[in-house]
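Asks: Next come a sequence and a model predicted from it.
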Amino acid sequence: MMQTAPASFYQLPLATKQQAMSGDSTRASVTHLLAGACSTPCSTAAHTFMQIVPPLSRFQLALDVLMPMLDSRVELPQRILVSYMLYSLYAPHPIAINPFKTVLHASFVKERDLAVKVATAGGVSENEQLVWVLWKILKGDGSDIGPFSPNTLARSPLPPKLRAANLSLEEVSVGQLLADHVGNANTSASLATGAAAPAPESEHGSVWAEGAAAASAERDREREKVSHAMTLLLTARDRVLTIAEQRLVSPPVITSVDLPDIIANNPSLAYPLLNALLAADSEQGPDTYLDVLRHLPPTLPSFDLMGRLLRDTTTVTDVATGGRTTIADLVRTDVLGWFIHECVSWLDRAERDQREGNISDDRFAKGVQNLCRFYNALIKLSIVDPASDADSAEMAHFTLRNSNFEEANALYRVLASASNAF
């Protein structure tokens, strides 16, 4: 009589089941990581990926999960993060031996062509930042991207020199390498047998080739310089730059988006940058940068910068009249009143948050003290008129409301006595 095989014969081995369950859990963890890691530094997200995924599973998971996202219609920060992760898997080694280099290069070519078409039509492609990230990775500078979050990289406008149309990767093809190898072999054979070697290039052709190579090398150096400055610019948002690094950050790669964080972290760098930006006769005019100044928070770096600009006698073009004026007059008429109003509004919100228990630091108290000291200095320098309601009415009300602070009380007495004198 034929016996029936036990049911357990048809079941997967326990180890295989556990591996399948573990693989599904790992894949879910990676998917969750990619969805929520765009606000953390790229290097942190890559390190987390290494911790989640076992070493023997990383390549396959990169093929199954990361690589398809590179060309899919996911958000730009996720595509930037995936590009960095594919690079970081083999980061200790040169990019030339990274097994994903071909995929990254194909994406670079595809995205660059799309961005160039948009630029030719007069627009700016939304994938410009992805093209720049891929370019950095393929040049072997992927480590420069690690400290920055995908969201920061995706939001950062690029200067014209780093737009997709100006980025290229000059690589020698395998066919060209073989042709060069065969050519060298033929030349060696000719010399060995005494046969005549091929005629050299004409002198004119040789000079032209040398000139083209020199021009290409100069363009590469210029792009490298701008790219390094861009990297330092991103770094300046998060930490204080060294003096040597500050010299490499030039105004052409600064945008209005960068200024608030640079002012907060590198106030000594902010003033010369603002001076150069306001003095430059750009097509967009100075109002983009003036608007940043109007909305600065009431902190010591903000007051230090405003104080320097209000004493800056550098001549600039007055957009309203077409004549010449100074940075000091421009900031005095177009920025100062708005800046004071925004400081008062910022401190009112901070006081409300403190009263509701949303904050527990001393930002409100420090802000009131610093704003009152700053305004007192403006009075002593005759930049504002304490007797003018147009100049001082808002500050008079503010200091009266906050007269429990010594600095606010002292400033209120100054404003009240000036008002009573007339």
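Replies: Received, thanks.
Asks: Break down the stretch 301-422 of the chain into its helices, ranges please.
Replies: 327-334, 336-355, 363-380, 389-401, 406-420 (DSSP state H, counting those that start in this stretch).
Asks: Dump these into JSON lines; add distance to residue 111 as well.
Replies: In short, each C-beta sits where N, CA and C put it, glycine included. JSON lines is the format used below for these (distance: least, CB to CB, whole Å):
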{"stretch": "helix 327-334", "distance to residue 111": "40"}
{"stretch": "helix 336-355", "distance to residue 111": "39"}
{"stretch": "helix 363-380", "distance to residue 111": "42"}
{"stretch": "helix 389-401", "distance to residue 111": "50"}
{"stretch": "helix 406-420", "distance to residue 111": "54"}
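Asks: Those helices: which one's closest to residue 64?
Replies: helix 336-355 (46.1 Å; CB to CB).
Asks: what residues does stretch 324-342 touch?
Replies: Here stretch 324-342 makes contact (CB atoms under 8 Å, 6 or more residues apart in numbering) with 275, 278-279, 286-287, 290, 293-296, 306, 309-318, 371, 375, 378, 383-384, 391, 394-395.
Asks: what do you get for stretch 278-296?
Replies: Counting by CB under 8 Å, 6+ apart, 251, 256, 259-260, 263, 274, 277, 302, 305-306, 309, 314-317, 319, 327, 330-331, 334-335, 338-339, 342 sit against stretch 278-296.
Asks: So for that stretch, what gets flagged as buried?
Replies: 278-279, 286, 289-290, 292-294, 296 (16 or more other CB atoms under 10 Å).
Asks: Can you get me the start-to-end distance on it?
Replies: One end of stretch 278-296 to the other measures 17 Å (CA to CA, to the nearest Å).
Asks: How far does it sit from its chain's centre?
Replies: Mean-position distance between stretch 278-296 and its chain equals 19 Å (CA atoms, centre = their mean, to the nearest Å).
Asks: For it, the averaged confidence score.
Replies: The average of the pLDDT scores along stretch 278-296 is 81.
Asks: got it, and stretch 113-130?
Replies: Stretch 113-130 carries an average pLDDT of 86.
Asks: In that stretch, which residues are buried?
Replies: For stretch 113-130, using 16+ other CB under 10 Å, the buried residues are 115-116, 118-119, 125, 127-130.
Asks: send the alpha carbons of that stretch over as PDB?
Replies: Extracted C-alpha coordinates of stretch 113-130, given in PDB (Å, rounded to 0.1, in the frame of the first residue of the first chain):
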ATOM      1  CA  ASP A 113      19.700  66.300 -22.100                       C
ATOM      2  CA  LEU A 114      16.200  66.900 -20.600                       C
ATOM      3  CA  ALA A 115      17.500  69.900 -18.600                       C
ATOM      4  CA  VAL A 116      19.300  71.400 -21.700                       C
ATOM      5  CA  LYS A 117      16.100  71.100 -23.800                       C
ATOM      6  CA  VAL A 118      14.100  73.000 -21.100                       C
ATOM      7  CA  ALA A 119      16.900  75.600 -20.900                       C
ATOM      8  CA  THR A 120      16.900  76.000 -24.700                       C
ATOM      9  CA  ALA A 121      13.200  76.700 -24.500                       C
ATOM     10  CA  GLY A 122      13.800  79.500 -22.000                       C
ATOM     11  CA  GLY A 123      12.900  77.600 -18.800                       C
ATOM     12  CA  VAL A 124      14.700  76.000 -15.900                       C
ATOM     13  CA  SER A 125      14.400  72.300 -15.400                       C
ATOM     14  CA  GLU A 126      13.400  71.000 -12.000                       C
ATOM     15  CA  ASN A 127      16.100  68.300 -12.200                       C
ATOM     16  CA  GLU A 128      19.100  70.700 -12.500                       C
ATOM     17  CA  GLN A 129      20.100  69.900  -8.900                       C
ATOM     18  CA  LEU A 130      20.000  66.100  -9.700                       C
END
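Asks: any idea how far that stretch is from the chain center?
Replies: Distance of stretch 113-130 from the chain centroid (CA atoms, centre = their mean) equals 18 Å.
Asks: Then stretch 374-383?
Replies: The answer for stretch 374-383 is 36 Å, by CA atoms, centre = their mean.
Asks: Now do the buried residues in that stretch.
Replies: In stretch 374-383, counting by 16+ other CB under 10 Å, buried: 374-376, 378-379, 383.
Asks: Need the residues you listed in JSON lines (columns: pLDDT).
Replies: Shown next, in JSON lines, are the buried residues of stretch 374-383 (pLDDT from 0 to 100):
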{"residue": "374", "pLDDT": "95"}
{"residue": "375", "pLDDT": "94"}
{"residue": "376", "pLDDT": "93"}
{"residue": "378", "pLDDT": "94"}
{"residue": "379", "pLDDT": "93"}
{"residue": "383", "pLDDT": "92"}
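Asks: so who does residue 323 touch?
Replies: residue 317.
Asks: and it, what pLDDT?
Replies: With respect to pLDDT, residue 323 has a value of 82.
Asks: Likewise for residue 330?
Replies: 91.
Asks: Count the neighbours of it for me.
Replies: 23 (other CB atoms under 10 Å).
Asks: Kind regards, and thank you for your time.
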